[in-house]
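Colleague: from the sequence below, what's the structure:
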Amino acid sequence: MENKANFAGAVSEATRERPTLKTIAFMTGLGVTTVSRALKDAPDIGAETKERVRMVARQLGYQPNRAGVRLRTGKTNVIALVLSIDEEIMGFSSQMVFGISEVLTGTPYHIVVTPHSHSKDPMLPVRYILETGSADGVIISRIEPDDPRVRLLTEHSMPFATHGRTDAGLTHPFHDFDNEAFAHQAVEKLVGRGRKRIALLQPPSKLTYYTHTRIGFQTGLHDYGAEEVPLRVTIDNPLEEIRNAVEVMMRAQNAPDGIVCSAGSAAIAVNAGIEAAGKRLGHDVDMVSKESAPILNWIRPEIITAYEDVRHAGREMAKAVIARIDGIEPELLQSISQPVWSRRSI
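Modeller: Numbers count the residues shown, from 1 in each chain. Okay, here's the model as predicted:
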């Protein structure tokens, strides 16, 4: 009993201040060097010792002193996610963060989200990271064909991965969604329901996936004998503007009988515009929409949906940027996911 009391007292005393490697060494009876190497999963440390050290570290709530790590190694153990606040709709951002976090768990790295708006200079957060050395790797989204952020990170040899591709001759890690396949298959599904006049609510033209979407859409129109009804707004317009533009389009004499929507949040505004024009979804017009959260069919079962797994994208980009930090060549760190269609659309 006395030994247990002494041990409990030692734990209390040891954890009164922030636990360190010395604290773990004291609690385990091991040397500080052995504890440090066990936490780093060194191959010359036995599995039983590693597990004992990790268990004590967890019980004490041990966290590495990141300032000390940086002084010793020059590393921050930070992965910076430069995320547009424009994307925080219907869980897009949170799903990406969850995916990245799943991969970083169990590694020395942790995520720091750096929000920005594309209405301001998108270079600012990247310049800040480079100037301050505040991250070992970077993940960026909403990629342009000749993205200046990609060029800057490449020039500074900063490990990074992107959500989307560039088209400027730069080889870099990325994960992307096959928007060309989505748009082409969307037209096919609408034509299969007898729709021939199809409108596209597309991404803004400055982003790379605008081109991919347009190619898939136009190829689909050609392959399946349909025609385009122009829609003068994009998914980046305020939802009210999208709703109003769709209402005007649906009231016109040459109204479409099919609509392809490139974002789940915008699909809600499209549906509102259809209803405001006195038209019925699934009767007067069919809609196909991409979504990153399985919500649209709860709102309108008539919407034909294709799922983009953004959590998977987060996992792929996290794995890519860590691999790049470890020296893996960028051409080996590129992936593209395919649309997953809802059961109703099959």
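
Colleague: and the helices in the stretch 101-250 of the chain?
Modeller: In the stretch 101-250 of the chain, helices defined by DSSP state H, counting those that start in this stretch lie at 123-132, 148-155, 179-192, 208-224, 239-251, listed in chain order.

Colleague: which one of the ones you listed lies closest to residue 232?
Modeller: helix 239-251 (6.2 Å; CB to CB). C-betas here are computed from N, CA, C, even on glycine.

Colleague: the closest one: how far from the chain's middle?
Modeller: The chain centre lies 29 Å from the centre of helix 239-251; the measure is CA atoms, centre = their mean, to the nearest Å.

Colleague: what about the strands in the chain?
Modeller: Here the chain has its strands, by DSSP state E, at 78-84, 110-116, 137-141, 160-163, 174-177, 197-201, 227-228, 258-261, 286-291, 304-307, 334-337, 340-341.

Colleague: mean pLDDT lowest where, among the helices of the stretch 101-250 of the chain?
Modeller: Sorting those by mean pLDDT places helix 123-132 lowest, at a mean of 92.

Colleague: for that one, buried residues please.
Modeller: For helix 123-132, the neighbour count (16 or more other CB atoms under 10 Å) marks 125-126, 129-130 as buried.

Colleague: now the stretch 51-200 of the chain, which segments are flagged as low pLDDT?
Modeller: 64-74, 86-91, 118-119 (pLDDT under 70).

Colleague: repeat for the stretch 201-346 of the chain
Modeller: 343-346.

Colleague: ok, and the closest non-adjacent residue to the most centrally placed residue in the chain?
Modeller: Centrality entry for the chain: nearest residue to the mean C-alpha point is residue 96, 3.5 Å, by CA atoms, centre = their mean. Of all residues not flanking residue 96 in the chain, residue 314 sits nearest, at 4.2 Å (CB to CB, 6 or more residues apart in numbering).

Colleague: now distance to residue 34 too, for the helices of the stretch 101-250 of the chain, in TSV please.
Modeller: Converted to TSV, the helices of the stretch 101-250 of the chain look like this (distance: least, CB to CB, whole Å):
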stretch	distance to residue 34
helix 123-132	34
helix 148-155	38
helix 179-192	51
helix 208-224	50
helix 239-251	58
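
Colleague: which of the strands of the chain sits most buried?
Modeller: Sort the strands of the chain by mean neighbour count, taking mean count of other CB atoms under 10 Å, and strand 258-261 sits at the top with a mean of 29.

Colleague: alpha carbons of that strand, in CSV - could you do that?
Modeller: The C-alpha coordinates for strand 258-261 follow below in CSV (Å, rounded to 0.1, in the frame of the first residue of the first chain):
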residue,chain,number,x,y,z
GLY,A,258,-32.5,19.3,-67.6
ILE,A,259,-30.0,21.1,-65.3
VAL,A,260,-26.5,19.9,-64.3
CYS,A,261,-25.3,21.5,-61.0
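
Colleague: packing partners for that strand?
Modeller: Here strand 258-261 touches helix 179-192, strand 197-201, helix 264-276, strand 286-291, going by 3 or more CB pairs under 8 Å, 6 or more residues apart in numbering; DSSP states H and E.

Colleague: what are the pairing partners of it, and which direction each?
Modeller: Strand 258-261 pairs in its sheet with strand 197-201 (parallel), strand 286-291 (parallel), by DSSP bridges.

Colleague: any chance of these in CSV with distance to residue 224 as columns?
Modeller: CSV is the format used below for those (distance: least, CB to CB, whole Å):
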stretch, distance to residue 224
strand 197-201, 9
strand 286-291, 13
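
Colleague: out of those, which comes closest to residue 104?
Modeller: Nearest of the strands paired with strand 258-261 to residue 104, taken as CB to CB: strand 286-291 at 25.8 Å.

Colleague: run the angle between that closest one and helix 239-251 for me.
Modeller: Strand 286-291 runs at 160 degrees relative to helix 239-251, counting by axes from the mean of the first three to the mean of the last three CA atoms, to 10 degrees.

Colleague: contact partners of strand 286-291?
Modeller: Strand 286-291 is contacted by residues 90, 177, 179, 182, 186, 189-190, 193, 195, 257-264, 266-267, 270-271, 274, 281, 296, 302-308, 339, 345 when judged by CB atoms under 8 Å, 6 or more residues apart in numbering.
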